[in-house]
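**Student:** How does the following fold in three dimensions:
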Amino acid sequence: MNEAVNPAPRIFILEDEVAIALEIEASLRSRGYRVIGPAFVTDDAAPLLGETLDLAILDVGMAARAPETLLRPLVDRKVPIIFVSGYDNFVLPDWVVPVATFPKPFRLEDLLDRLPHLLRRR
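**Tutor:** Residues are numbered from 1 along each chain as shown. As a prediction, the model looks like this:
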């Protein structure tokens, strides 16, 4: 679809918990966002990173396993990153600075309510 026809923000989802990914996807779509993905495994994510993206919602555990493959393209293009995480002690390169982190379990409404503000940070 042409950008001029549908200017809604494009949000990429990387999440290995399928139920969480699908819930995030459905909620984003219901609010008019365009969803890229979701990708459930790292190998599926790489081709999607070439898309025009306005924001990325990433499972931090998945992203931390392949930072050069998954995070470098987003950071280089200044795509804001939101991490969702079930872990407290993840280690990421110092060049990765998320705009927000939501610990699992999180209220989806909290993430959705913050999206407009986080998208303006781009």
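**Student:** can we go C-alpha only for contacts and neighbour counts from here?
**Tutor:** Fine.
**Student:** what's across from the most centrally placed residue in the chain in the sheet?
**Tutor:** Per Cα atoms, centre = their mean, the C-alpha nearest to the average position across the chain is that of residue 57, at 1.6 Å. Beta-bridge pairing for residue 57 (DSSP bridges): residue 13, residue 82.
**Student:** What pLDDT is listed against it?
**Tutor:** In this prediction, residue 57 carries a pLDDT score of 97.
**Student:** okay but it is in contact with residue 84, surely?
**Tutor:** Yes - counting by Cα atoms under 8 Å, residue 84 is a contact partner of residue 57 at 7.1 Å.
**Student:** where exactly do the strands run in this structure?
**Tutor:** 10-14, 34-39, 55-59, 81-85, 100-103 (DSSP state E).
**Student:** May I see these arranged in CSV, with distance to residue 25 as well?
**Tutor:** Converted to CSV, these look like this (distance: least, Cα to Cα, whole Å):
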stretch, distance to residue 25
strand 10-14, 8
strand 34-39, 6
strand 55-59, 10
strand 81-85, 14
strand 100-103, 16
